[in-house]
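Asks: this one's structure only:
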């Protein structure tokens, strides 16, 4: 609203400029008398190795006990939702993939499902495209859980697991690079299908990964499951029961670790998940230990799903047949990056006026989406990832809102931390697996 | 959802969306003035004549019963459990397989309470709460959208409440759904909707001393032109638009 002493403003030819200096610290601590009340206020973050990115926690401590915890977010706010309103529907894929950077495929799939529902073409998405989506999502779930086990291990003092977790994640990123051309921020899942088909050598590599991974998982469990420090740091720590989870909107592995088998892949299936065979792991205790077990079990279930998806990959188109919606899926690597293949260019330039028109209209203008609104929820590694998309009938999204599980789940941090020890704030926060890129968007 | 399907030699062919086939601009006029005109031109740049066509955006219309699926059950259960149903519910819309109940803004917390507690409804989880700004299309331009999920019955329902930018007041649902806390703060931050009864309605994503509400349609995107290979590329909101 008005300027304050920690963000002075001055007028320049470019407009008003704020100089942010921080320094609100005196205000924060002024209400507390550390000597007489025995309470101190500790500021943790936004730059702190244990807060999973730019998350700031303000903790009021009594000795080592946390009396009050408040989280401050927004340090990674990039206005993606607003930016989407100025690009066409297909371009949206390249924006949403950057939100939750550990689960880009989920962001893209949720967005694509919402656009497809608005267009009314959900049933026209080809079988192969759906299978590839499932395959990619489950690989992505594994890589996301691997980063979770790696960073959480590190934060609780188990450094080796960090190296192993990132090593296996690298394997998956290489698979992604083979398939999409990029390690992260793929923009691979597009409205109507996927950007291009899976190459054969990627299939070989995934099969290799399926062979290696179960042994590696066993190694992780050998490292952690019987480890006394790990047990001490996780068992009965940051407990959240089902009632608290549902009231606070917490979904995903945290809710399942409290005992409720709520997984949107089972309860409200999409992309054909109802035809796959897999279990929803749960744990009765609702503590950090339970979340660890649930996530490890989920990696195994995802491996099962990847295998089933590979087995049912039948040749076929990966985009809807409607050329007025389908972005050209015949891509090739050129000298200046990925673009349309030479055959496609030769066809539209030399043989088919109609194709040229479609290509030009699609690329410059985009397709129109009938007015209306939809909400689509999918199960991301962190919980329900929801997309509320509104169209006004134009070629650009009128409004896209992401229900980000990181954002909603982080609200549970005070409930977990207050009354516990300060060291358990780290364990509890890490067990929520917040990704600030998704949280702040 | 389109029900009818064209077939070509027995193979179903997807029906293209309305507007995709005609090639004519704006079969459905955009809701905001920002979307009008071709190539971002607000004046008389249009030579086709289509740009002069102005049709009022359709007002929200009630869907005819039966709605199909579980929607009738949900409506009847709410009507039975909530005595002020007739007064509180403005419209019931079923579109694309989703049920939307338009609620009078001052009633939203009561309706949420009934939706959560009634044994025939049991919408335990507020999945998402967000805002939409229908500038130019609706006098009460700021809509707040609640996506409720019933874990018991595996159902979803959307509640929608509309307020004007001059009187953007709405009761908070944090007492019913504690998860609404941050989501209402985000809706306040981005749209300026004031949720009465919220325990601490402050900005959450933008800095505390920010002016304006960025997701409103009359809030500019901003940006500066950049030079690329000798050409100047305007910022995204100044580029030509094909609405």
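Replies: It's in. Computed from a predicted structure; not experimentally measured.

Asks: wait, a strand at residue B:156?
Replies: Yes. Under DSSP: H, G, I helix; E, B strand; the rest coil, residue B:156 falls within a strand.

Asks: ok, how many other residues are close to it?
Replies: 22 (other CB atoms under 10 Å in any protein chain shown). In this view, the C-beta of every residue, glycine as well, is placed from N, C-alpha and C.

Asks: look at the nearest residue to it once chain neighbours are set aside and give its secondary structure.
Replies: Excluding its sequence neighbours, the residue lying closest to residue B:156 (CB to CB, 6 or more residues apart in numbering or on different chains) is residue B:149, at 5.5 Å. Three-state call for residue B:149 (three-state DSSP): strand.

Asks: ok, residue B:149 - how many residues close by?
Replies: By the criterion of other CB under 10 Å, residue B:149 has 27 neighbours.

Asks: can you pull out the helices in the stretch 151-300 of chain A?
Replies: A:159-180, A:200-224, A:228-234, A:242-247, A:253-257, A:264-267, A:288-311 (DSSP state H, counting those that start in this stretch).

Asks: cool, and the stretch 1-150 of chain A?
Replies: In the stretch 1-150 of chain A, the helices defined using DSSP H, counting those that start in this stretch lie at A:25-30, A:34-37, A:80-84, A:92-96, A:104-119, A:127-155.

Asks: chain B: which of the ones you listed is closest?
Replies: Across the helices of the stretch 1-150 of chain A, chain B has its closest neighbour in helix A:104-119 (5.0 Å, CB to the nearest CB).

Asks: returning to what we had before: relative to residue B:228, which of the helices of the stretch 151-300 of chain A is closest?
Replies: Judged by CB to CB, the one of the helices of the stretch 151-300 of chain A that comes nearest to residue B:228 is helix A:159-180, at 25.0 Å.

Asks: tell me which residues in the closest one are buried?
Replies: Within helix A:159-180, the residues that count as buried by 16 or more other CB atoms under 10 Å in any protein chain shown are A:161-162, A:164-166, A:168-169, A:171-173, A:175-176, A:178-180.

Asks: how about stretch B:141-159?
Replies: In terms of neighbour count (16+ other CB under 10 Å), stretch B:141-159 has its buried residues at B:141-151, B:155-159.

Asks: closest to residue B:69 out of the residues you listed?
Replies: Of all the buried residues of stretch B:141-159, residue B:69 sits closest to residue B:155, with 8.8 Å by CB to CB.

Asks: how far away is that closest one from chain A?
Replies: Residue B:155 sits 9 Å away from chain A, going by CB to the nearest CB, to the nearest Å.

Asks: how's chain A carved up into domains?
Replies: Here chain A is described, according to automatic domain parsing, as comprising the domains A:7-72, A:80-321+A:367-440, A:331-364.

Asks: so which residues on the stretch 51-200 of chain A come close to chain B?
Replies: Taking CB under 8 Å from any CB of the partner chain as the measure of proximity, the stretch 51-200 of chain A contacts chain B at A:73-74, A:77, A:79, A:81-83, A:85-87, A:117-122, A:124.

Asks: give me the buried subset of those residues.
Replies: For these, a neighbour count by 16+ other CB under 10 Å gives the buried set as A:73-74, A:77, A:79, A:81-83, A:85-87, A:117-122, A:124.

Asks: does the residue nearest the centre of chain B count as helix, strand or coil?
Replies: The centroid of chain B falls nearest to residue B:132 when counting by CA atoms, centre = their mean (4.7 Å). On the three-state scheme (three-state DSSP), residue B:132 is labelled strand.

Asks: who touches it in this structure?
Replies: Listed by CB atoms under 8 Å, 6 or more residues apart in numbering or on different chains, the contact set of residue B:132 reads A:373, A:390, A:398-399, A:401, B:142-143, B:145.

Asks: for residue B:215, same thing?
Replies: Listed by CB under 8 Å, 6+ apart, the contact set of residue B:215 reads A:81-82, A:399, B:131, B:133, B:190-191.

Asks: let me know the pLDDT of residue 181.
Replies: Going with chain A. The model reports residue A:181 with a pLDDT of 83.

Asks: that's the other chain; I wanted chain B
Replies: 92.
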